[in-house]
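Visitor: Structure for this input, please:
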Amino acid sequence: MKNCIPLLLAGCLLMSLPSRAADSAVKFTKDDKKIVVELGGQAFTTYWYNDGNGGLCIRPFFFPVLAADGTEVTSDQIASKDHPHHRSLWIAHGDVDGADHWAINKGEKQPKQRHIAFTKVEGDTIEEDLEWEGTTPDPILKEHRVFRFFAFADGSRGVDFSSTFSPLKDKVTFKDTKESGLCAVRVAKSISDTSTLTQSTGATDSRPSKMEPNTWGKKADWCDISGKVGEKTYGITIFDHPENPRHPGNWHCRLYGLMSANIFGLSEFNKGGEKGDFVIEKDKPVTFRYRVVIHQGDAKSANLEARYKEYSGGK
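Guide: Next up is the predicted model:
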């Protein structure tokens, strides 16, 4: 995998292939704004990398994300007054050497995850090079981003995320903040209105509660958010790969519909505790890997622990 240094290559190889559905062929249709992804001849998602939904694409994102039966399970909050930065399924961090790559500040100078080029759009894989701007438009960080799409034998769908970060100066710090998700999702409103958060530890929080005392900021191998669309239950899970820094990761997860993998906001998750600043040095790239699973049914019926073991290579 491009930009994976030798010490990280073993981690790349540990991402074992899921049990494939019989009809899981991936098809990409690309233009100058987006890549449409089909799985088994059916729409799955669209990756907006340049100009999407009528506005500037400050950072790339997937929207919509569809379950196998065509049900839309994510929400793009760009029109929202309180969370316009929750862009369905995306990668972001709130403080990168002082640059806010989480929020969207309308009318203000906004640092961008600048799309540079796709190095691969074929088979089941998209590979992309990006540069993250600092507090000025000058880039401070390179990212090599890899997505791999697939279906499970039961019709559930998945995307593997891999982001390799390489500073363009001596070091770059992902600073301590809860406003972060190197893999983040905002679910559809009907799911969040009936949501249950479930983690690998067995911890749960559910509606009608508005608080998440058992799951927010906690460490777990994976986190799931499930709820109803009509009469059916759908869920999305994020797996934290065991080779990731600070595994098992912490979770910035909310019953209102946000779920993100966040190892950085330690002082906010544990008031008065250690700082979560994470330093990446030049010529010492760091890779983060996650798997996203879109399933029907709740977390228990989705067989998530077995799927996590498959993903993590049995670790």
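
Visitor: Flag the helix or strand of the chain with the lowest per-element mean pLDDT.
Guide: Every helix and strand in the chain was compared by mean pLDDT, DSSP states H and E; the lowest is helix 6-13, with a mean of 39.

Visitor: show me where pLDDT drops low in the stretch 201-315 of the chain?
Guide: 314-315 (pLDDT under 70).

Visitor: quick one, strands of it?
Guide: Residue ranges of the strands in the stretch 201-315 of the chain, as given by DSSP state E, counting those that start in this stretch, are 204-206, 222-229, 232-240, 251-253, 258-261, 278-281, 286-296.

Visitor: Any idea which of these gets closest to E305?
Guide: strand 222-229 (8.4 Å; Cβ to Cβ). The C-beta positions use only the backbone N, C-alpha and C, and glycine is treated the same way.

Visitor: in its sheet, what does that closest one sit against?
Guide: Under the criterion DSSP bridges, strand 222-229 sits next to strand 196-199 (antiparallel), strand 232-240 (antiparallel) in its sheet.

Visitor: Which one, of those, ends up nearest to K109?
Guide: Of all these, strand 232-240 sits nearest to K109, with 30.9 Å by Cβ to Cβ.

Visitor: What residues of the closest one count as buried?
Guide: Neighbour counts over strand 232-240 (16 or more other Cβ atoms under 10 Å) mark T233, Y234, G235, I236, T237, I238, F239, D240 as buried.

Visitor: wait, which of those is closest to G313?
Guide: Nearest to G313 among the buried residues of strand 232-240: F239, at 11.8 Å, using Cβ to Cβ.

Visitor: and that closest one, how far is that from R307?
Guide: For F239, the distance to R307 equals 8 Å [Cβ to Cβ, to the nearest Å].

Visitor: so which helix or strand takes in the most centrally placed residue in the chain?
Guide: The residue lying closest to the centre of the chain (Cα atoms, centre = their mean) is C183, at 2.0 Å. Using DSSP states H and E, the element containing C183 is strand 180-186.

Visitor: Now render the strands of the stretch 201-315 of the chain as CSV, adding distance to F61.
Guide: Formatted as CSV, these follow (distance: least, Cβ to Cβ, whole Å):
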stretch, distance to F61
strand 204-206, 26
strand 222-229, 18
strand 232-240, 15
strand 251-253, 17
strand 258-261, 13
strand 278-281, 23
strand 286-296, 13
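
Visitor: And those: which comes nearest D176?
Guide: strand 278-281 (8.5 Å).

Visitor: Alpha carbons only: can I get the closest one in PDB?
Guide: The C-alpha trace of strand 278-281 is given here as PDB (Å, rounded to 0.1, in the frame of the first residue of the first chain):
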ATOM      1  CA  PHE A 278      -0.700  13.300  19.200                       C
ATOM      2  CA  VAL A 279       2.500  14.300  17.400                       C
ATOM      3  CA  ILE A 280       3.500  13.000  14.000                       C
ATOM      4  CA  GLU A 281       7.100  13.700  13.000                       C
END
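
Visitor: who's in contact with that strand?
Guide: Residues outside strand 278-281 that contact it (Cβ atoms under 8 Å, 6 or more residues apart in numbering) are 141, 165-167, 170-174, 245-246, 263-264, 286.

Visitor: wait, which of the residues you listed is closest to D95?
Guide: Using Cβ to Cβ, F174 comes nearest to D95 of the contacts of strand 278-281, at 7.4 Å.

Visitor: Pull the number of nearby residues for that closest one.
Guide: Look at F174: counted by other Cβ atoms under 10 Å, it has 25 neighbours.

Visitor: Need phi/psi at it.
Guide: Torsion angles at F174 (phi, psi; degrees, to the nearest 10) stand at phi -80, psi 110.

Visitor: buried residues in stretch 260-275?
Guide: S260, A261, N262, I263, F264, G265, L266, S267, E268, F269.

Visitor: How far does it stretch from one end to the other?
Guide: By Cα to Cα, to the nearest Å, the extent of stretch 260-275 from end to end equals 19 Å.

Visitor: Could you do stretch 105-113 as well?
Guide: One end of stretch 105-113 sits 14 Å from the other (Cα to Cα).

Visitor: With stretch 253-261 instead?
Guide: Stretch 253-261: ends 8 Å apart by Cα to Cα.

Visitor: Show me how far it is from its chain's centre.
Guide: Offset of stretch 253-261 from its chain centre (Cα atoms, centre = their mean, to the nearest Å): 11 Å.
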